[in-house]
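**Student:** Just a sequence and a predicted model for now, questions to come.
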Amino acid sequence: MSVPRFLSRHGRYLKETQRQLYQTVAALSMTVQLVIAGIDAIRPVGQWPLEPLIGAAICGVTAALLRYTQLPWRWMEYGILAAASLSVTGQLALAVPPAPSPRLLFTGVFLFLAGFTVLQARWASLYALSVFTAFGAVTLLRGGDLTLLAELGLSGILSAHLSIYGRQLSAERAEVAVMQRLAHTDALTGLENRRAMTAHLETALAATPGALVTVLLLDIDHFKEVNDRWGHAVGDQVLKVVAERLKVTVGTQGQVARWGGEEFLITLSRLDPVPLRALAEELRQAMVPPAPGVPPVTFSIGVAGRDEVSTLDEWLQLADARLYQAKQTGRNRVEGLPVDPPLEPKA
């Protein structure tokens, strides 16, 4: 997979995960609001539990839209913010009770958080100022609690600070994560690059001596002829197709990296000689037409086991020497595969 495709797929995965998370939160919020409404209904407060019922309705509609539609995420956010704003505006206008209740003031905190989540910082600040002005006007005109009003204003300032700082921090972390990913990914094939694979090899080398870890160094036979005859664009297409075929063939049994040029390095763990030979042969035979009009390519492969060496340089040099041997003895070959130990003679 190329880097742009990786980033696109990663972005879609994050959006889908976020959608599922919001659906769960909306459903739970609806349940909580209904429980609050039920408690209010059985208490002798002399009024309908208007706030929790409206909140439950908004959360329920949101959960249903997230579950059963594919509305653009930005529309959903704007819709939730607009519905919550209209709900609070209506309750302030109806003046039930005559002054804003502590619970309604708490809803103002939710509006601050929602505003700074959905809107850009400048528009969110204007929105929060409008919300606070509305609460302040009703509180002053109808004799509300000025202490709660001051706390509402403080929560707005805190929400603004945390939101703006949090967005900057999230953007920086996302950028660092992408840069780290790119630093360890081959831009053409989407495979891990030499740096990333070297780290895996160092970890494997530090494992217990005798561990079943094997490297396979593959080289595309006569790749220069592909570039010379069909051009470098076709050569790049060959590398992409080969990378994808190697990934599919290896699967979860190991890791594949582009080592450089037309060379690929594969690490395999916990494979006995018989399945190792079978997989190496399957890799060698993974000859597919890599591009229209281009004949199937073949591979020469050098194999080296962890138990044959003591340093990383020795390991790579051994794999490279066996790859060279495969090239010298006719190409389209695998050299260095382990052999079964001879059978003990029967007594």
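**Tutor:** Alright, I've got the coordinates.
**Student:** in the protein, which spans are helices?
**Tutor:** Per DSSP state H, the chain has helices spanning 3-42, 50-68, 73-94, 102-118, 121-142, 146-183, 194-205, 223-230, 232-250, 273-284, 312-328. These are given in chain order.
**Student:** so what does the shortest one touch, helix or strand wise?
**Tutor:** In terms of contacts (3 or more Cβ pairs under 8 Å, 6 or more residues apart in numbering; DSSP states H and E), helix 223-230 is packed against helix 232-250. Using the backbone N, CA and C atoms, a C-beta is placed for each residue, glycine as well.
**Student:** quick check: angle from the helix it packs on to helix 223-230?
**Tutor:** 140 degrees (axes from the mean of the first three to the mean of the last three Cα atoms, to 10 degrees).
**Student:** buried sites along helix 232-250?
**Tutor:** Buried residues in helix 232-250, defined by neighbour count with 16 or more other Cβ atoms under 10 Å: 234-235, 237-247, 249-250.
**Student:** just stretch 109-116 next, same as before
**Tutor:** 109, 111-116.
**Student:** How much space separates residue 71 from residue 285?
**Tutor:** 49 Å (Cβ to Cβ, to the nearest Å).
**Student:** What of residue 70?
**Tutor:** Distance from residue 70 to residue 285, by Cβ to Cβ: 43 Å.
**Student:** Out of those two, name the residue with the larger neighbour count.
**Tutor:** residue 285 (12 against 8; other Cβ atoms under 10 Å).
**Student:** how far away is that one from residue 275?
**Tutor:** To residue 275, residue 285 is 16 Å away according to Cβ to Cβ.
**Student:** Please apply the same query to residue 225.
**Tutor:** For residue 225, the distance to residue 275 - Cβ to Cβ - is 33 Å.
**Student:** Please apply the same query to residue 131.
**Tutor:** From residue 131 to residue 275 the distance is 65 Å (Cβ to Cβ).
**Student:** thinking again about what came up before, between the buried residues of stretch 109-116, which is closest to residue 76?
**Tutor:** Nearest to residue 76 among the buried residues of stretch 109-116: residue 114, at 11.9 Å, using Cβ to Cβ.
**Student:** is it true that the closest one touches residue 81?
**Tutor:** Yes. Between residue 114 and residue 81 there is a contact at 5.1 Å, judged by Cβ atoms under 8 Å.
**Student:** picking up where we left off before, neighbour-wise, which of residue 131 and residue 275 wins?
**Tutor:** More crowded of residue 131 and residue 275, by other Cβ under 10 Å: residue 131, with 22 against 12.
**Student:** Tell me the pLDDT of the more buried one.
**Tutor:** Looking at residue 131, its pLDDT reads 85.
**Student:** for the closest residue to it other than its chain neighbours, what are its contacts?
**Tutor:** Excluding its sequence neighbours, the residue lying closest to residue 131 (Cβ to Cβ, 6 or more residues apart in numbering) is residue 111, at 5.0 Å. For residue 111, the contact set (Cβ atoms under 8 Å, 6 or more residues apart in numbering) comprises 81, 84-85, 88, 127-128, 131.
**Student:** so how far is residue 256 from residue 111?
**Tutor:** On the measure of Cβ to Cβ, residue 111 and residue 256 end up 51 Å apart.
**Student:** Over to residue 319?
**Tutor:** Distance from residue 319 to residue 256, by Cβ to Cβ: 14 Å.
**Student:** go on, residue 218?
**Tutor:** Applying Cβ to Cβ to residue 218 and residue 256 gives a distance of 9 Å.
**Student:** before we move on, the earlier item: nearest to residue 59, of the buried residues of helix 232-250?
**Tutor:** residue 247 (43.0 Å).
**Student:** Surely the closest one touches residue 186?
**Tutor:** No. Under the criterion of Cβ under 8 Å, residue 247 is not in contact with residue 186, lying 12.0 Å apart.
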